[in-house]
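1. Predicted coordinates and the sequence they were generated for:
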Amino acid sequence: MSDFYALLGVSKSSSQSEIKKAYRQRARRLHPDTNRNDPDARRKFQELLDAYRVLADPVSRSEYDAFLAADSVSGGELVPYEHVNSERSQRSRRLLEVDGVTVRFGGIVALDGLSFGIDRGQICGLIGPNGAGKTTMFNVVSRIYEPTEGRVTYDGTDLLAVPSHGIARLGIARTFQNLALFPTMSVLENVMVGAHSQGRVGFVRSILRLGAARENRETRNWAGDLLNQLGLGSIAFRPAMGLPFGTLKRLEIARALAARPRFLLMDEPAAGLTHSEVDELGDTVVDIRRQFDLTVLLVEHHMSMVMKISDHVVAMEFGRKIAEGTPHEVQNDPHVISAYLGVES
């Protein structure tokens with residue numbers, strides 16, 4: 001029987017690090033962007049991703065081993081991910097859970113009972129017309145806004161109990177709809193700012209210069225590596241002021257990655273970019289998801305990019321969810337068509 005271990009090319013005795021390494025190697029070979037002529041490329045990559053999600057999580061892996069031992073499946077078919085996971089392991093793969101979130105500003109309802117979930121490793125597109133409440137939802141997750149009602153759970157933690165300055169240490173980072181860079185600082189220094197939340201040298205040790213130089217050196221090296229990976233290494237020492245807009249967008253992504261997040265929020269990253277830059281940005285988002293093992297929540301108006309790179313899409317209108325599912329399902333949902341085109345659903 002073909003199973004998840006076979007898909008990743010590992011054995012039942014393989015360590016978690018060996019599984020992660022095997023996934024990264026195979027993901028590079030099987031990614032749809034590198035196999036454009038293979039009509040089954042997306043399916044094969046999804047099977048690989050499902051296998052990794054099960055085996056990389058200790059709870060899901062133990063349940064999958066028990067599932068195989070019980071020999072519950074016959075016929076030599078690939079075991080579907082849904083069949084492996086109990087309610088407990090379903091919770092273990094869910095990274096973000098938004099449940100009945102409502103935000104009111106006086107008499108204005110910005111979010112009205114919004115609920116959706118994002119699994120680990122997914123790129124989730126959050127779409128909707130202007131004023132739908134997408135950025136408000138972002139600001140709830142990043143703890144800028146306090147919801148009037150509802151719950152937000154991140155990796156089993158009540159996110160609404162976490163102060164805004166504490167979310168970076170939970171592994172959450174974001175980019176902004178309007179660039180929020182330091183124009184007179186160098187490109188490298190802007191990225192180093194993003195790593196500030198990961199610093200281990202406290203206030204007193206910084207004053208006494210105990211370990212500060214070493215930490216600063218490590219931060220510079222990490223920031224330099226990120227710039228190289230995003231194609232910005234050659235301008236590391238130039239000030240951010242005066243750089244092309246598309247370059248500044250990539251710089252903001254690098255700064256967010258400097259915080260070593262597990263969950264990246266991207267608020268309209270393609271705004272103001274040319275068509276070729278939008279395509280390049282889409283490839284960049286997919287690449288960093290794979291390289292840094294990220295989960296991504298993406299707010300974007302460029303539908304072609306959202307539908308191309310997203311695993312899951314949530315559509316909103318007037319603060320409510322009107323559709324949720326795969327890109328194909330949401331694209332063809334009559335409520336979504338009505339929201340964008342103004343026709344009767």
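-> Cool, the structure landed.
2. How is the protein divided into domains?
-> 4-85, 93-200+226-341 (automatic domain parsing).
3. Dump these to JSON lines, plus distance to Glu215, mean pLDDT and mean neighbour count.
-> In this view, the C-beta of every residue, glycine as well, is placed from N, C-alpha and C. Listed next are the domains of the chain as JSON lines, based on distance: least, CB to CB, whole Å; pLDDT from 0 to 100; neighbours: other CB atoms under 10 Å:
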{"stretch": "domain 4-85", "distance to Glu215": "25", "mean pLDDT": "73", "mean neighbour count": "15"}
{"stretch": "domain 93-200+226-341", "distance to Glu215": "6", "mean pLDDT": "90", "mean neighbour count": "18"}
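4. So Asp225 versus Glu252, what's the distance?
-> To Glu252, Asp225 is 17 Å away according to CB to CB, to the nearest Å.
5. I meant to write Leu264 there.
-> Distance, Leu264 to Glu252, using CB to CB: 11 Å.
6. Give me the phi and psi for the spatially most central residue of the chain.
-> By CA atoms, centre = their mean, the chain has its centre lying nearest to Val296, at 1.4 Å. Backbone torsions of Val296, given as degrees, to the nearest 10, read phi -130, psi 130.
7. now the strands for the stretch 1-150 of the chain?
-> For the stretch 1-150 of the chain, applying DSSP state E, counting those that start in this stretch gives strands covering 94-105, 108-119, 123-127, 149-154.
8. Columns distance to Leu179 on top of those strands, output as JSON lines?
-> What follows is the strands of the stretch 1-150 of the chain, written out as JSON lines (distance: least, CB to CB, whole Å):
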{"stretch": "strand 94-105", "distance to Leu179": "25"}
{"stretch": "strand 108-119", "distance to Leu179": "24"}
{"stretch": "strand 123-127", "distance to Leu179": "20"}
{"stretch": "strand 149-154", "distance to Leu179": "26"}
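9. looking at the ones you listed, which is closest to Ile309?
-> Nearest to Ile309, of all the strands of the stretch 1-150 of the chain, is strand 123-127, at 5.6 Å by CB to CB.
10. neighbouring contacts of the closest one?
-> The contact list for strand 123-127 (CB atoms under 8 Å, 6 or more residues apart in numbering) reads 116, 118, 134, 137-138, 285-286, 289, 295-301, 303, 306-307, 309-316, 327, 330, 336.
11. What of stretch 244-257?
-> Applying CB under 8 Å, 6+ apart, the set of residues contacting stretch 244-257 is 173-176, 179-181, 187, 190-191, 193-194, 223, 226-227, 230-232, 235, 240, 243, 264, 266, 269-270, 272-274, 277, 280-281, 284, 288, 292.
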